[in-house]
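[1] just coords:
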Ligand code: NAI
């Protein structure tokens, strides 16, 4: 029980909000009282092309529902675009409290065939875009000693996926980005977290079985985004797997390990099972802690 979680007086930027997950996030935040900048370049799944339609449609829908929104077609992958996007929030609504970095593209290709261009293009939108938009918003969040950033990772990045060397690199990169942002934002009450969703959108409709469409809806992802974007969000630097209404914490852990004073190639071979052991794992939440926990294990007699 308890009261409804609201966003009255808060201003959110949602990137890639012209359709799919971002659209659903923007609608939910607006229905809960947030003023929203609906950003979307409106291109194809591979990032080519552009259209003002998708962002405008979602902003218009929010207005029809009685909410407040403006549309932006800024390209999050360029410094100018990211600056303009944050400026749009300040111009329209006078502040910025929430950034949902959701914009994304795909250029799937098996590794042997992946071009440098295909690698760079995907990192540019996901990693550079999240960096640039957060970077443009960060000084304003620091100034007001308040901010919430939600990044969009992926199971493909956390666990790997055939044909997605570029996308996996980007999505795991966002985990590191989220953790460091969480640490650096802490003093100014800026919290950063990430989601790793599974949902039926144009990005996945060709991959997921048809019967997933009704269960894996974007609307079953957005409540987690809203909670992580809310004032009452209890965590920072965390990653959550979410899909079809299920939410689970994902964490990076280190096994207990095995040590010897005489580490040789053969000793490693002969103790491989101990090296590979998972339990009891260490689960550091920052490099300082990782160093402490791992150093203790390294210094164990
Ligand atoms: P989508 O293709 O429906 O939405 C992505 C939106 O981002 C598009 O509307 C696109 O125009 C926009 N966009 C792309 N490049 C942009 C740029 N440079 N600047 C501004 N906007 C840009 O796909 P979906 O599924 O809604 O994806 C949203 C996010 O969730 C992406 O980051 C994706 O990688 C991630 N994700 C989705 C999963 C799923 O199951 N649908 C699984 C894991 C991650």
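    The structure has been received and is ready for your questions. This one's a predicted model, so the numbers in the text were calculated from it and none came from an experiment.

[2] mind showing which ranges of the stretch 151-300 of the chain have poor pLDDT?
    290 (pLDDT under 70).

[3] how distant is stretch 246-259 from the center of its chain?
    19 Å (CA atoms, centre = their mean, to the nearest Å).

[4] Also stretch 31-50?
    15 Å.

[5] Relative to the ligand, how far out is the residue located most distally from the centre of the chain?
    Distance to the chain centre peaks in the chain at residue 262, reaching 42.4 Å (criterion: CA atoms, centre = their mean). Noted for residue 262: a distance of 45 Å to the ligand, by CB to the nearest ligand atom, to the nearest Å. C-beta coordinates here come from the backbone N, C-alpha and C atoms, glycine included.

[6] Likewise for residue 152?
    4 Å.

[7] How about residue 188?
    26 Å.

[8] Could you do residue 280 as well?
    In terms of CB to the nearest ligand atom, residue 280 sits 31 Å off from the ligand.

[9] Counting neighbours, what do you get for the residue of the stretch 51-200 of the chain found nearest the ligand?
    Residue nearest to the ligand within the stretch 51-200 of the chain (CB to the nearest ligand atom): residue 104, separated by 2.6 Å. Other residues lying near residue 104 total 25 when counted by other CB atoms under 10 Å.

[10] thought it was touching residue 16?
    Yes - if you go by CB atoms under 8 Å, residue 104 and residue 16 touch, sitting 6.1 Å apart.

[11] rewinding a little: so the residue farthest from the centre of the chain lies in a helix, does it not?
    No - per DSSP: H, G, I helix; E, B strand; the rest coil, residue 262 lies outside any helix segment and is coil.

[12] hmm, who's touching stretch 112-120?
    107, 109, 165, 166, 169 (CB atoms under 8 Å, 6 or more residues apart in numbering).

[13] can you tell me which two in the residues you listed are farthest apart?
    109 and 169 (12.9 Å; CB to CB).

[14] Please indicate which of the contacts of stretch 112-120 are buried?
    107, 109, 165, 166, 169 (16 or more other CB atoms under 10 Å).

[15] Need those in CSV (columns: distance to residue 120 and secondary structure).
    Converted to CSV, the buried ones among the contacts of stretch 112-120 look like this (distance: CB to CB, whole Å; DSSP: H, G, I helix; E, B strand; the rest coil):
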residue, distance to residue 120, secondary structure
107, 9, coil
109, 13, strand
165, 12, helix
166, 8, helix
169, 11, helix
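
[16] restrict these to those near the ligand?
    Among the buried ones among the contacts of stretch 112-120, no residue is within reach of the ligand (CB under 6 Å from any ligand atom).
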